[in-house]
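Asker: Return atomic coordinates for the entry below.
(one chain, ligands or ions: 2)
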Amino acid sequence: MSSAFQLQGVTCKFGDLVAVDEVSLSIDKGERVAFIGPSGSGKTTLIRLLNTMLVPNEGKLTALGEPVASLGVKSLRQLRSRIATMPQHLGLVDNLTSIQNIVLGRGGSRNTLRSVRDLLLPSDRDAAEIHALLDRVGIEDKLYHTVSRLSGGQKQRVAIARALFQNPEALLADEPVSAVDPARARDTVKLLTELSDELGFTLCVSLHHLELAREFFPRLVGLRAGKVVFDGAPESLTETELEALYELSAEEMMTDA
Ligand SMILES: Nc1ncnc2c1ncn2[C@@H]1O[C@H](COP(=O)(O)OP(=O)(O)O)[C@@H](O)[C@H]1O
Ligand SMILES: [Mg+2]
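Answerer: Numbers count the residues shown, from 1 in each chain. Ligands and ions are numbered 1, 2, ... in the order given. Predicted coordinates for the structure are as follows:
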């Protein structure tokens with residue numbers, strides 16, 4: 001099987017701080033992977049490397065078959081249009097409607113004038129497609145609702161529909177279920193995994209809900225201080241490994257105190 005993402009010795013630094021530390025990882029097309037690990041372990045940075053918003057300081061990254069470091073502006077834009085990201089806190093514009101937010105999701109691959117026109121007056125074809133997407137995610141009656149009036153779970157569904165409207169080959173979701181109750185969180189993660197099966201896209205999600213990661217993802221990648229400390233099936237994650245993943249080291253206790 002060909003890989004969706006391939007990292008070889010990838011390091012990403014912010015000044016002196018090493019956020020992702022010599023990570024080597026291969027994620028197959030269509031695979032479902034959850035990134036787990038404590039706050040600050042590098043999950044968000046890893047997702048931003050995969051969607052090419054960050055460039056490795058060292059190492060090699062291939063995304064959807066493209067060597068990211070050697071791409072020009074145009075090829076990079078094309079590559080980005082094939083990868084949808086649900087950023088942490090979803091990145092929706094609160095005072096626009098669901099349909100407007102979803103139209104914006106494809107903005108990157110259209111010129112500005114066309115984006116503005118689509119936003120004010122979506123084509124019948126776009127509107128029909130978006131209606132079908134909202135139907136699939138269970139909120140077809142919210143097409144013309146302002147996002148600020150939606151519940152947390154409904155907002156997550158708008159964000160999912162927005163990502164799907166891009167027709168992505170890979171979907172990266174950074175903590176997609178923070179800020180909702182556990183039942184709602186489970187529904188959303190379940191929906192994401194069902195959609196990845198149905199539509200065949202690669203799904204990478206960072207999750208601090210370990211139980212959800214274990215239930216819905218056949219592969220967990222555990223990060224700690226920017227390094228991969230676990231990579232395997234949830235069944236093979238031992239209590240000892242979990243403790244090592246989440247327990248504070250003496251050094252971290254000193255700095256967190
Ligand atoms: N833009 C940034 N500038 C400086 N430091 C950053 C930036 N983004 C992340 N970091 C640092 O990189 C480390 C990893 O952060 P992050 O990838 O956000 O971890 P996680 O998502 O697992 O909480 C943290 O120490 C964080 O403070
Ligand atoms: Mg994060």
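
Asker: which helix of the chain spans the most residues?
Answerer: As assigned by DSSP state H, the longest helix anywhere in the chain is helix 182-199.

Asker: Name the residues of it that are buried.
Answerer: Along helix 182-199, these residues count as buried under the neighbour rule (16 or more other CB atoms under 10 Å): 184-189, 191-193, 195-196. C-beta: built from backbone N, CA, C; applies to glycine.

Asker: would you turn those into CSV with distance to residue 15 and pLDDT?
Answerer: Below are these laid out as CSV (distance: CB to CB, whole Å; pLDDT from 0 to 100):
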residue, distance to residue 15, pLDDT
184, 38, 89
185, 34, 93
186, 38, 95
187, 40, 94
188, 35, 94
189, 34, 96
191, 38, 96
192, 34, 97
193, 37, 97
195, 38, 97
196, 36, 97
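
Asker: Which two of the residues you listed have the greatest separation?
Answerer: Farthest apart among those by CB to CB are 184 and 196. That separation is 19.2 Å.

Asker: in the stretch 51-200 of the chain, what residue is nearest ligand 1?
Answerer: Going by CB to the nearest ligand atom, ligand 1 is nearest to residue 174 of the stretch 51-200 of the chain, at 7.2 Å.

Asker: Pretty sure residue 88 is one of the things that residue touches, is it not?
Answerer: Yes - with contact defined as CB atoms under 8 Å, residue 174 counts as touching residue 88 (4.4 Å).

Asker: quick one: common contacting residues for those two?
Answerer: Listed contacts common to residue 174 and residue 88 are residue 44; contacts here mean CB atoms under 8 Å, 6 or more residues apart in numbering.

Asker: quick one: which of the two has more around it?
Answerer: Set residue 174 next to residue 88 and count neighbours by other CB atoms under 10 Å: residue 174 wins out with 23 against 16.

Asker: separation between the more buried one and residue 48?
Answerer: Note on residue 174: its distance to residue 48, by CB to CB, to the nearest Å, is 8 Å.

Asker: and what of residue 205?
Answerer: Relative to residue 48, and taking CB to CB, residue 205 is found at 14 Å.

Asker: neighbour-wise, which of the two wins?
Answerer: For residue 205 versus residue 48, the count of surrounding residues by other CB under 10 Å is larger for residue 205: 27 against 19.

Asker: Is there any residue in the helix or strand containing that one that contacts ligand 2?
Answerer: Using DSSP states H and E, residue 205 falls within strand 202-206. No - on the criterion CB under 5 Å from the ion, strand 202-206 is out of touch with ligand 2, staying 6.1 Å away.

Asker: pLDDT below threshold where in the chain?
Answerer: Residues of the chain meeting the criterion pLDDT under 70: 1, 107-115, 117-118, 248-257.

Asker: One more pass at 80, please.
Answerer: Scanning the chain with the threshold set as pLDDT under 80 gives 1, 105-121, 179, 247-257.

Asker: which SS class is the residue in it positioned nearest to ligand 2?
Answerer: Nearest to ligand 2 in the chain, going by CB to the ion, is residue 44, at a distance of 3.2 Å. In three-state terms, and counting by DSSP: H, G, I helix; E, B strand; the rest coil, residue 44 is helix.

Asker: That one contacts residue 206, doesn't it?
Answerer: Yes - using CB under 8 Å, residue 44 and residue 206 qualify as a contacting pair, with a distance of 6.7 Å.

Asker: overlap in contacts of the two?
Answerer: Listed as contacting both residue 44 and residue 206 by CB under 8 Å, 6+ apart are 174-175.

Asker: So for these two, which sits in the more crowded spot?
Answerer: Legend: neighbour count by other CB under 10 Å for residue 44 and residue 206, higher for residue 206 (25 against 19).

Asker: All the helices of the stretch 151-257 of the chain, residue numbers only.
Answerer: 152-165, 182-199, 210-216, 239-246, 250-256 (DSSP state H, counting those that start in this stretch).

Asker: TSV for those helices, including distance to residue 120?
Answerer: Listed next are the helices of the stretch 151-257 of the chain as TSV, based on distance: least, CB to CB, whole Å:
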stretch	distance to residue 120
helix 152-165	17
helix 182-199	29
helix 210-216	38
helix 239-246	48
helix 250-256	48
